[in-house]
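Q: any chance you can model this:
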Amino acid sequence: MVRGRSFSSSVSARTDAEAKTVYRRWRTDVDEKASLHASGTLSAFLGEWLDHKQTRGVQDTTLEGYEGHIRRHIDPWIGDLALVQVSTKDFDDLYRRLRRRGVGSATVKKVHQVLHGALDQALRWRLIPENPAALAEPPTYRTPDRAERTPDALEVVALYLEAFRTSSEFATYLWLNSVTGARRGELNGLRWDDVDLDASTLTIRRGIVHTDAGLVLHSTKTHRQRTVDLDPATVSLLREHWQRAAEYSIACGAPLRPGAYVFSASPDGPLNVTAGSGCPTRRTSESVCRSWRGVIPATGIGASTSLLVRDGWACNRKRIQ
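A: Prediction:
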């Protein structure tokens, strides 16, 4: 057992003496590998670790989050330390420094999680004999009580009516989010050829996320596609939405193609759509949030989220319909 993390070997030992011999051999192996990286910094290793996570299929948005914490909160303070020399105290000192500089405890907690996970990988690669982050103590973080609550049936209806008054497209988006349980990115990635109005179904195959590199297609969060049955009211709503999208596309000078995105009037469905000739751009999670903030105040129900409205719709579905 090494400090903070157990390590098992395929070599068995029948006596304490044999066990000590096995450990010494393992420790020698670790020390030899560590010596090869003795001049390597924590910053250099974290770059290696990010590359490894990318090859493992970690989503771009997650990688950007890791990279952001490393660039802003780790590299400036302890990035130059040698990987094999960084200590638990270095991490505790880092967390205190960040807090004194006004970094929130939740963010410091995430920094700790990045360091802990990265050095677990260094341990698996036998670059270090133990994980110094395992015993580090990030600040305690408690999830604050939120003012949001699940709206009742009348409030959900009021939200939908206000959404339809503001934007029929956003109202359709909000309705579909409620009845299908799809995530925002999944609805942003929905194409018309994923929708079968005659069979009253739609298939969630992908999502769209906004990264530093722009809009990026990725698989669903569960990495599985799923087909959702649609009720008659939702089918009717989508038919009306398709008609509006077709009219928009004709106004842009091209017919609506099957591969076009459901919540974009671009007829050919490219990811990076630019505004022009009065043609609206595609919807992103950020644009959804902006539309949401425009609808909520007019209803008078206070702070809420689309997720809570989805919960409210599910709880009061029969009363609403």
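
Q: shaky segments in the stretch 151-300 of the chain?
A: Residues of the stretch 151-300 of the chain meeting the criterion pLDDT under 70: 151-153, 156, 210-215, 265-300.

Q: quick one: the strands in it?
A: In the stretch 151-300 of the chain, the strands defined using DSSP state E, counting those that start in this stretch lie at 195-196, 201-204, 207-211, 214-218, 226-229.

Q: okay if I get those strands as JSON lines plus distance to D75 and mean neighbour count?
A: C-beta here means a position set from N, CA and C on the backbone, and glycine is covered the same way. Compiled in JSON lines, these are given as follows (distance: least, C-beta to C-beta, whole Å; neighbours: other C-beta atoms under 10 Å):
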{"stretch": "strand 195-196", "distance to D75": "46", "mean neighbour count": "18"}
{"stretch": "strand 201-204", "distance to D75": "38", "mean neighbour count": "19"}
{"stretch": "strand 207-211", "distance to D75": "20", "mean neighbour count": "19"}
{"stretch": "strand 214-218", "distance to D75": "25", "mean neighbour count": "14"}
{"stretch": "strand 226-229", "distance to D75": "40", "mean neighbour count": "13"}
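
Q: now these in TSV, with distance to L123?
A: Below are those laid out as TSV (distance: least, C-beta to C-beta, whole Å):
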stretch	distance to L123
strand 195-196	48
strand 201-204	38
strand 207-211	30
strand 214-218	29
strand 226-229	37
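
Q: spatially nearest residue to L123 (excluding sequence neighbours)?
A: Excluding the flanking residues, the one nearest L123 by C-beta to C-beta, 6 or more residues apart in numbering is N131, at 5.1 Å.

Q: that neighbour contacts H116, doesn't it?
A: Yes - N131 is in contact with H116 according to C-beta atoms under 8 Å; the separation is 7.0 Å.

Q: of the two, which one has the most company?
A: Taking neighbours as other C-beta atoms under 10 Å, N131 and H116 compare with N131 leading, 23 against 18.

Q: can you give me the neighbour number for G79?
A: Neighbour count of G79, defined by other C-beta under 10 Å: 16.

Q: contacts only, for it.
A: 41-43, 46, 70 (C-beta atoms under 8 Å, 6 or more residues apart in numbering).

Q: next: F91.
A: Contacts for F91 (C-beta under 8 Å, 6+ apart) come out as 78, 112, 115, 132-133, 136.

Q: for Y23, same thing?
A: Contacts of Y23 by C-beta under 8 Å, 6+ apart: none found.

Q: ramachandran angles for it?
A: phi -60, psi -40 (degrees, to the nearest 10).

Q: measure it to K109 for me?
A: 34 Å (C-beta to C-beta, to the nearest Å).

Q: same question for H241.
A: Relative to K109, and taking C-beta to C-beta, H241 is found at 42 Å.

Q: ditto for L174
A: L174 is 32 Å from K109, where distance means C-beta to C-beta.

Q: between the two, which one's more packed in?
A: Between L174 and K109, counting by other C-beta under 10 Å, L174 is the more crowded of the two (24 against 14).

Q: return the subset of the contacts of G79 lying in helices.
A: In this view, the contacts of G79 that belong to helices under DSSP state H are 42-43, 46.

Q: any idea how far E67 is from K110?
A: Remark: distance between K110 and E67 (C-beta to C-beta) = 12 Å.

Q: surely R96 is in a strand?
A: No - looking at R96 with DSSP: H, G, I helix; E, B strand; the rest coil, it is helix, so not inside a strand.

Q: number of residues surrounding it?
A: 13.

Q: now swap in D198 and tell me
A: Applying other C-beta under 10 Å, I find that D198 has 7 neighbouring residues.

Q: and it, what is it in contact with?
A: Neighbouring residues of D198 by C-beta under 8 Å, 6+ apart: there are none.
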